[in-house]
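K.L.:
Predicted structure and sequence below. I'll ask about it afterward.
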Amino acid sequence: MSPFHLKVYDLVSKIPKGKVTSYGFIAILLGKPRAARQVGWALFNMPEGLDIPWWRVINSKGFISIKNPNAPKQLQKELLEKEGIAVSDKYMVDLKRYNWKPKSSSLHLCP
DNA sequence: ACGGTGACGAGAT
DNA sequence: TATCTCGCCACCG
């Protein structure tokens, strides 16, 4: 469990219900603009007990981009729809509409 | 060590 | 618009 992974979990847990963001944006917020793939890796290897809204993270195109057999696309689609987010039959979300913009005050980083 | 892989992303075609 | 290509970087065998 790397420090970077812990930061990912901490930040994702701050995404409010009904909003989504992208892997790359999370990487940028954590100060590593080229670590989008590592954000995906962090969520792929997510500890079970941590209660993280992983389903609110999608790719920059707005598509559900999940390959974990334990959490199929269909499940992520249902979880998003349950909080009022429209998901197309091709697993696409309107990023313009549901994009999360965190307040800078809520980001205590600086490692 | 080292090449292949991938919950990514941006730019080219 | 839909693909394709390439850069990226931690992880794995």
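P.N.:
Here it is on my side, so go on. Small disclaimer: the values here were computed from a predicted structure and weren't measured.
K.L.:
Setting aside sequence neighbours, what's the nearest residue to A:S65?
P.N.:
A:N59 (4.2 Å; C-beta to C-beta, 6 or more residues apart in numbering). Using the backbone N, CA and C atoms, a C-beta is placed for each residue, glycine as well.
K.L.:
repeat for A:R37
P.N.:
A:R37 sits nearest to A:Y23 (C-beta to C-beta, 6+ apart), 7.6 Å away.
K.L.:
Distance of that neighbour relative to A:G49?
P.N.:
23 Å (C-beta to C-beta, to the nearest Å).
K.L.:
What strand or helix carries the closest residue to A:S22 other than its chain neighbours?
P.N.:
What sits nearest to A:S22 in space, not counting adjacent residues and going by C-beta to C-beta, 6+ apart, is A:S60, at 4.6 Å. According to DSSP states H and E, A:S60 maps onto no helix or strand at all.
K.L.:
For A:S60, give me the backbone phi and psi.
P.N.:
phi -70, psi -20 (degrees, to the nearest 10).
K.L.:
same question, A:S88
P.N.:
phi -70, psi 170.
K.L.:
residues in chain A within reach of DNA strand C, list them.
P.N.:
Of all the residues in chain A, those in contact range of DNA strand C (C-beta under 7 Å from any atom of the strand) are A:2, A:4, A:34-38, A:41.
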